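> have a look; sequence and predicted model below, questions after that.
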2 protein chains.
Amino acid sequence: MTAPLRIGIAGLGTVGGGVLKVLERHAELLAGRTGRRMVVTAVSARTRSRDRGVDLSAARWYEDAVALAADPDVDVVVELIGGSEGVAREVCETALSRGKHVVTANKALLAIHGTGLARLAEENGVALSFEAAVAGGIPVIKGLREGLAANCVTEVHGILNGTCNYILTEMRETGREFGDVLAEAQKLGYAEADPSFDIDGVDAAHKLAILTSVAFGCAVDFDAVHIEGIRHISALDIEYASELGFRIKLLGIARRSDGGVEQRVHPAMVPVSSPIATVDGVFNAVVAEGDFVERVTFVGRGAGAGPTASAVVADLVDIARGRVSHAFGVPSGRLESVRAAPPEERRGAYYLRLMVVDRPGVIAEVAAALRDENVSMESFLQRGRAPGEAVPVVLTTHDTDEASMQRALASLSRLEAILEAPRLIRIERF
Amino acid sequence: MTAPLRIGIAGLGTVGGGVLKVLERHAELLAGRTGRRMVVTAVSARTRSRDRGVDLSAARWYEDAVALAADPDVDVVVELIGGSEGVAREVCETALSRGKHVVTANKALLAIHGTGLARLAEENGVALSFEAAVAGGIPVIKGLREGLAANCVTEVHGILNGTCNYILTEMRETGREFGDVLAEAQKLGYAEADPSFDIDGVDAAHKLAILTSVAFGCAVDFDAVHIEGIRHISALDIEYASELGFRIKLLGIARRSDGGVEQRVHPAMVPVSSPIATVDGVFNAVVAEGDFVERVTFVGRGAGAGPTASAVVADLVDIARGRVSHAFGVPSGRLESVRAAPPEERRGAYYLRLMVVDRPGVIAEVAAALRDENVSMESFLQRGRAPGEAVPVVLTTHDTDEASMQRALASLSRLEAILEAPRLIRIERF
């Protein structure tokens, strides 16, 4: 048997605890699969005293995670601190530049500094692995980078944030409003005390930027992601979506075309018959479209100690076996810089909800505003007549240019008879 | 750049043609991903003259595929001949024993001789790769073996035969009978002229045996698979399934428990809400359950030139990159020989359809036969009264031992009032 793989873990929160548990419970199994022992030789965390249910007496303790990353008795550093700057970044850079492999679950770091870290890993002949950074336990980085390596991938999309998917699922199942369900999710531990990273779409955007790079072989470009969160989704929209045969999901969508690469995170309506429409609760899904394989879908748990630790340890197994890939599928010097196609270039269908004064002529005004921008309606719903009061008017459009749609929206907003900001949700038919 | 990877392809049918096309169209892309050129240096097929749309003039032509497998200018042999014995087997054994990697889509060969071939590959320090043998383009072998390597996998199940799934989907959507839909599938090229391998469940069983070995780390044991096909599924059962909230799918199911490993291929009713219930047409799905990752689902095209070639070339990319795994996840000497749990040990729910004479007392006789074996009914449907004629009686049971159920079935078959062999379909709630 080859020498043991010596692991240093920086960050012993939920995921770190999970990793320790996997390594302990499956020590024999993993040795069988890799031909090597996996030994935790160093750990670092904020509090030393907490009981993590695993004996850590043989591991060296570091107050300073960066010092751990420089420990000569460590072959692989597992970075589970989080955040795109500061200690996490320093840990990864220190480890890589000293010729240690890095396994990380840190999507923010990779979304911002991924290309540079990949270069640093290459220069030092080590692995930069991040299966756990996207879609938790689902082996989607491996699936895209290696499993679909024979393909030119033209599209990748998915449900990348479990918190949002849980909230949207609950809203649909109970008819409750966003704020109410969010508060409950926070109590249950499905949402953070400060939930903005999740519900404003930033977390999903980090993951999408990583997926885009792996799928298309282009440099990570987080700044190019168009981001909208789910705060403005109301129970009413979810109800109308069901009535029209759709589900509302927070999606990350990346498409490559002649116009460049388009990256968007926003709530979208998907037909109930589409495979991801039924991916509910905290589950994640990633769908990739390759020119030979066609459509492949991966579904599983996108978060939690067990699933995330599963992904971290899968990366460790690859490293122990010497199965090393370029971080984003090709050498960092070959990652293309592709034009970022702006969201205005989208062409597709839209759902629009207006709250209008119920008086004669209003619908004619709405119809005229759409017609003036060449937006063609596909369906139109108006119900609940209470003269003089606000009534919802819901319509869906045929395929339209986003730019036209936005101009129509601006005109609509100026109409006196329209009482709230119009709600626009993109329709995606996969 | 490293020396080119020299590929010999034995068998230039649909899949072989697809592989040539991928290698030609994506030559640059693949070189970028692997750092090497992939060059087809030798080919072998039944007819030389057929136009395969790709220039093969630089490749050496072999009448005899086994001679190709011995060509010193070949690093990897791609075996696409098929069949568990004869030329295909000889090609693989020749290649491996001469230190050449083997990539194959041949499920029959692996299901029967997988363990021995894996040993031969190890002895010669080369790869035996077979992503294309199970679920076509879906990277499920890689997903299980590497992506879920941190887990003890306890269950794997899926829709493994696209022909059967197409037929069952068509039957449900059109209300037509099995024979009628099969004939149409044959015309459309979705079913073979001799369809028995597919519709009798043998093809799915080959794939299941491979999945079982990869998932659980046990020796491939095709003989232990309990196999039932879909010939006896009638339009009536499909209709009742829908009414009861189920879909009928041909499933492969492998479970590991204290009693050993259970492997079954048979039609099953799954709740419409379960993720694989909506996997329709020629699509395949594989679901794995790991102790840390929990449930992961993979969906995609299970057959066809493009998807299958995608899987073959993904294996070639791994070999070109030097990413080599044990064929079944652990060294062949460590593959466990596990007790095969016989199907009689299954415990679960059942659907039963009886055609009975509509006369007083029949239901009491049916109920008594079930009660005598401690089979407890969950639901009961009887409709369409035409005195003296055969009427369908449909019932579902609570969880029951398969052995009890089979005894009850035998008793029922002996009742004079029961006019046809009772139809039993297992219910699987995933």
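Okay, I see it.
> which residues in the stretch 151-300 of chain A form helices?
Using DSSP state H, counting those that start in this stretch, the helices of the stretch 151-300 of chain A run over A:162-174, A:178-188, A:196-199, A:202-216, A:235-243.
> and those helices as JSON lines, adding distance to chain B?
Glycine gets a C-beta too; all of them are placed from N, C-alpha and C. What follows is the helices of the stretch 151-300 of chain A, written out as JSON lines (distance: least, CB to the nearest CB, whole Å):
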{"stretch": "helix A:162-174", "distance to chain B": "13"}
{"stretch": "helix A:178-188", "distance to chain B": "18"}
{"stretch": "helix A:196-199", "distance to chain B": "21"}
{"stretch": "helix A:202-216", "distance to chain B": "11"}
{"stretch": "helix A:235-243", "distance to chain B": "16"}
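> quick check: which of those is buried the most?
Greatest average neighbour count among the helices of the stretch 151-300 of chain A goes to helix A:202-216 (a mean of 28), per mean count of other CB atoms under 10 Å in any protein chain shown.
> that one: how far from the chain's middle?
The chain centre lies 7 Å from the centre of helix A:202-216; the measure is CA atoms, centre = their mean, to the nearest Å.
> and it, average pLDDT?
In this model, helix A:202-216 carries a mean pLDDT of 98.
> now do stretch A:393-409
The model assigns stretch A:393-409 a mean pLDDT of 96.
> other residues contacting it?
With contacts defined as CB atoms under 8 Å, 6 or more residues apart in numbering or on different chains, stretch A:393-409 is touched by A:240, A:244, A:343-356, A:362-363, A:366, A:369-370, A:372-382, A:422, A:424, A:427.
> in strands, which of those fall?
Of the contacts of stretch A:393-409, the ones assigned to strands by DSSP state E are A:347-356, A:377-382, A:424, A:427.
> list the residues that contact residue A:261.
A:212, A:216, A:218, A:221, A:224, A:254-255, A:338-341.
> just the buried members of the residues you listed?
By neighbour count, with 16 or more other CB atoms under 10 Å in any protein chain shown, the contacts of residue A:261 hold A:212, A:216, A:218, A:221, A:224, A:254-255, A:338, A:340-341 as buried.
> and of these, the nearest to chain B?
Nearest to chain B among those: residue A:216, at 10.9 Å, using CB to the nearest CB.
> now residue A:73. Its backbone dihedrals?
Phi and psi for residue A:73, reported as degrees, to the nearest 10, are phi -90, psi 20.
> just give me the neighbour total for the residue nearest to it when sequence neighbours are not counted.
Distances taken as CB to CB, 6 or more residues apart in numbering or on different chains put residue A:41 closest to residue A:73, at 5.0 Å, once the chain neighbours are dropped. Residues near residue A:41, counting by other CB atoms under 10 Å in any protein chain shown, number 19.
> so residue A:41 is in which element?
strand A:38-44 (DSSP states H and E).
> can you list the helices and strands that that strand packs against?
Judged by 3 or more CB pairs under 8 Å, 6 or more residues apart in numbering or on different chains; DSSP states H and E, the packing partners of strand A:38-44 are strand A:5-10, helix A:14-25, helix A:27-34, strand A:60-62, helix A:65-69.
> outside of the fourth one, which residues touch it?
To tie it back to what came earlier, the one meant is strand A:60-62. Residues from elsewhere that reach strand A:60-62 (CB under 8 Å, 6+ apart): A:10, A:41-44, A:48, A:68, A:71, A:73.
> ditto for the longest one
The contact list for helix A:14-25, computed with CB under 8 Å, 6+ apart, reads A:7, A:9, A:12, A:30, A:38, A:40, A:43, A:45, A:52-54, A:56, A:78, A:80, A:105, A:132, A:304-306, A:308-310, A:312-313, B:150, B:292.
> contacts only, for residue A:417.
Taking CB under 8 Å, 6+ apart, we find residue A:417 in contact with A:356-357, A:359, A:361-362, A:365.
> what lines up beside the strand holding residue A:41 in the sheet?
Strand pairing for strand A:38-44, determined by DSSP bridges: strand A:5-10 (parallel), strand A:60-62 (parallel).
> redo the ones you listed as CSV? Include mean neighbour count and mean pLDDT.
As requested, these are exported to CSV (neighbours: other CB atoms under 10 Å in any protein chain shown; pLDDT from 0 to 100):
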stretch, mean neighbour count, mean pLDDT
strand A:5-10, 26, 98
strand A:60-62, 16, 96
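> to residue B:297, which of those strands lies closest?
Residue B:297 sits nearest to strand A:5-10 of all the strands paired with strand A:38-44, at 29.6 Å, using CB to CB.
> one step back: mind giving me CSV with the helices of the stretch 151-300 of chain A and columns for distance to residue B:110?
Converted to CSV, the helices of the stretch 151-300 of chain A look like this (distance: least, CB to CB, whole Å):
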stretch, distance to residue B:110
helix A:162-174, 36
helix A:178-188, 45
helix A:196-199, 44
helix A:202-216, 29
helix A:235-243, 46
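> which among the ones you listed is found nearest to residue B:196?
Nearest of these to residue B:196, taken as CB to CB: helix A:202-216 at 40.0 Å.
> just want the angle from that closest one to helix A:162-174.
Counting by axes from the mean of the first three to the mean of the last three CA atoms, to 10 degrees, helix A:202-216 points 110 degrees away from the direction of helix A:162-174.
> helices or strands up against helix A:202-216?
Applying 3+ CB pairs under 8 Å, 6+ apart, we find helix A:202-216 packed against helix A:107-123, helix A:140-142, strand A:153-159, strand A:226-227, strand A:246-257, strand A:260-271.
> right, is the first one up against chain B?
What that stands for is helix A:107-123. No - Helix A:107-123 does not reach chain B (CB under 8 Å from any CB of the partner chain); its nearest approach is 11.4 Å.
> okay, buried residues for that helix please.
A:107-115, A:117-122.
> quick one: mean pLDDT over the helix or strand following that helix.
Using DSSP H and E, the helix or strand that directly follows helix A:107-123 along the chain is strand A:128-129. Summarised as a single mean, pLDDT over strand A:128-129 is 98.
> ok, strand A:128-129 near chain B or not?
No - on the criterion CB under 8 Å from any CB, strand A:128-129 is out of touch with chain B, staying 11.7 Å away.
> so what strands line up beside that strand?
Note on strand A:128-129: by DSSP bridges, its sheet partners are strand A:101-104 (parallel).
> give me the contacts around the strand it pairs with.
By CB under 8 Å, 6+ apart, the surrounding residues in contact with strand A:101-104 are A:75-80, A:88, A:92, A:95-96, A:110, A:117, A:121, A:126-130, A:132-133, A:312, A:315-316, A:319.
> please redo it, this time with the cut-off set to 6 Å
With contact meaning CB atoms under 6 Å, 6 or more residues apart in numbering or on different chains, strand A:101-104 is reached by A:76-79, A:92, A:95-96, A:126-130, A:312, A:315, A:319.
> sweet, I'm off.
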